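Q: Okay, predicted coordinates and the sequence, questions at the end:
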Amino acid sequence: MKNPTYLIKESIIFILLSVIIGVSAQSILPNGISVKTEISLLGSDSNATAIPSVSINPDRSDDSAREIKLPAAFSAHQNGGAIFLDARSEDDFQTGHIQGAVNIPVHAFVDSLPYLEKLAPDTRLITYCDGADCNASIELAFDLKMMGFSNVAFFFGGWQEWQQAGYPQGGDSN
Amino acid sequence: MATGWVPPGGRLKLRVSLFQNEKIESTLYLLLRIGLGLVFVYASLDKIWYPGLFAKSIANFKILPLPFLHAAAIILPWMEFLTGLALILDRYPRAANLIIGLLTGIFTMAIISAMLRGLNFNCGCFNLDSTEANIGILKVLENLLLLGVSVLLEMRFRKALHLKS
């Protein structure tokens, strides 16, 4: 019978090969990531969430999503320089949303990749959800950073603040 | 003759007769080996293509410390791919099966641990999109089935080695 240590040797070879190919592949794959996990604090101070932020391009200095407040979100909306991404469910989106927003339910993020992959990596993206009660905007911002978008912000005040301010809205209720 | 009486060696004979058709047995194990390999190659593809999303899937389990998330997300899918491919091609199949068994065991324990902590999220076991089922008892059973196949293959490899020696 063959010496059982061959099993350990072969297993180590599999592990080493996985490390070498896995790390090397990251520079070739379009969605490759760096080995180092960068931790960012997202959210306002009271709602800060530690999540790993990911960039496909380690050279980028702007590596974390930022929070923006209502005035800045409104200004970006009026200037037309940003795409608003609604992280809520399709039903909530249909009922009412920020005018011109695109619905990307965070639980179905991968289903939206065909749309997102057409956007330039430096497109200004602003995510939002219901408001302070939900974290979907932060999660979506995190996913977008993982895709490699460099200019991502989340509007934590979300739909509730926007609605209360009476800013432009779309959806069935309008 | 009393009912239920077993002649000396009878049980052994019955056991041997279940496997007396070596051709059927070999075909069965060939299918299991290739099937398990295909499952792991398939399971690795989405994770290889979207390592960032897989990192997020791992993060959902809240087990691995954050600094190790990316390293795991980079290495694990390739381990699944290479070992799956090795099983399909019958190259170093025993070591590949050993790693597959260990990975499946770890994944199963991670799912059970997440369930016990009341966590509920997409498993990310085979796909990273919304079609993937949430963690739950079905996922545990699915993993146990894979683990069972891996154990059967290990028994087969041991038997083959024993016959050779």
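A: Yep, it's here.
Q: Got phi/psi on B:G118?
A: Phi and psi for B:G118, reported as degrees, to the nearest 10, are phi 80, psi 20.
Q: What is the burial count for A:G80?
A: A:G80 has 8 neighbours, counted by other Cβ atoms under 10 Å in any protein chain shown. Just so you know, the C-beta spots here come from the backbone N, C-alpha and C atoms, and that holds for glycine as well.
Q: In contact with it, which residues?
A: If a contact means Cβ atoms under 8 Å, 6 or more residues apart in numbering or on different chains, then A:G80 has no contacts.
Q: Would you map the helices across chain A?
A: Counting by DSSP state H, chain A has these helices, from start to end: A:5-25, A:70-79, A:90-95, A:113-116, A:136-147, A:158-165.
Q: so where is chain B shaky, pLDDT-wise?
A: B:1-20, B:129-133 (pLDDT under 70).
Q: Around chain A, which positions in it sit nearby?
A: Contacts of chain B with chain A, taken as Cβ under 8 Å from any Cβ of the partner chain, map to B:48-53, B:55-56, B:59, B:66-71, B:73-79, B:82-83, B:86, B:92, B:94-96, B:98-99, B:122, B:127-130, B:161-162, B:164-165.
Q: Inside helices: which ones of the residues you listed?
A: B:48-49, B:51-53, B:55-56, B:59, B:69-71, B:73-79, B:82-83, B:86, B:94-96, B:98-99, B:161-162, B:164.
Q: So B:K139 is in contact with B:F121, correct?
A: No - applying Cβ atoms under 8 Å, one finds B:K139 not in contact with B:F121, separated by 11.1 Å.
Q: phi, psi of B:I24?
A: Dihedral angles (degrees, to the nearest 10) for B:I24: phi -60, psi -40.
Q: Could you list the buried residues of stretch B:44-61?
A: Neighbour counts using 16 or more other Cβ atoms under 10 Å in any protein chain shown place B:44, B:46-48, B:50-59, B:61 of stretch B:44-61 among the buried residues.
Q: what's the spacing between it and its chain's center?
A: The chain centre lies 18 Å from the centre of stretch B:44-61; the measure is Cα atoms, centre = their mean, to the nearest Å.
Q: And for stretch B:150-165?
A: 17 Å.
Q: and what of stretch A:9-21?
A: 32 Å.
Q: what's the answer for stretch B:104-118, then?
A: Averaging C-alpha positions (Cα atoms, centre = their mean) puts stretch B:104-118 15 Å from its chain's average.
Q: Show me which of B:K139 and B:F121 is the more surrounded one.
A: Taking other Cβ under 10 Å, B:K139 and B:F121 do not tie; B:K139 has more neighbours (21 against 16).
Q: Let me know the distance separating the nearest residue to B:P77 once chain neighbours are set aside from chain A.
A: Once flanking residues are discounted, B:P77 sits nearest to B:K47: 3.6 Å by Cβ to Cβ, 6 or more residues apart in numbering or on different chains. Shown here: B:K47 relative to chain A, a distance of 10 Å by Cβ to the nearest Cβ, to the nearest Å.
Q: what's B:K47 in contact with, if anything?
A: B:F54, B:A73, B:L76, B:P77, B:E80, B:G124, B:L128.
Q: Let's see that with 7 Å instead.
A: B:K47 makes contact with B:F54, B:P77, B:L128, according to Cβ atoms under 7 Å, 6 or more residues apart in numbering or on different chains.
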